[in-house]
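Novice: build me a model:
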Amino acid sequence: MPKINIDELVEPIEVTVGGKEYVVEDVPSELMTRMGKIGTAAKEAIDAGETPKGDEDKELCGILSEILGAQMADIEVLGLRKRTMLLIRIMDTLREELEAKNVPKVAAAK
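Specialist: Below is the predicted model of the structure:
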């Protein structure tokens, strides 16, 4: 009988922020949606040479704090570049993991 062990398929993501270690076990879909919106807005602002709006920055800090289980103050002390890069790298890691898991395995030719 086939067995699926989701704990083996979805490994935690280890993140170091400000010298502290955090582990991302999973990201709720609602939070992923918020991440996508704020990540896109922040990246567009930075690409345009602008600073993200204050409410976007506050939302970004809140999202990162939730994902990592970190204190908001630990995230707020990071610069804009680090916060934005952290969000983008977490999202990229999740996306890459999903894409890798969904690629069908090619059967060996006989």
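
Novice: okay, and Ile15 sits in which element?
Specialist: Quick fix: residue 15 is Val, not Ile. According to DSSP states H and E, Val15 maps onto strand 13-17.

Novice: now do the helix or strand that that strand is followed by: everything it contacts.
Specialist: Downstream of strand 13-17, the next assigned helix or strand under DSSP H and E is strand 20-24. Identification of contacts with strand 20-24 by CB atoms under 8 Å, 6 or more residues apart in numbering yields Pro12, Ile13, Glu14, Val15, Thr16, Ile67, Leu68, Gly69, Ala70, Asp74, Ile90. The C-beta positions use only the backbone N, C-alpha and C, and glycine is treated the same way.

Novice: next up, the contacts around the residue nearest the centre of the chain.
Specialist: Nearest residue to the geometric centre of the chain (CA atoms, centre = their mean): Ile90, 2.5 Å. Applying CB under 8 Å, 6+ apart, we find Ile90 in contact with Ile13, Val15, Val24, Val27, Met35, Ile67.
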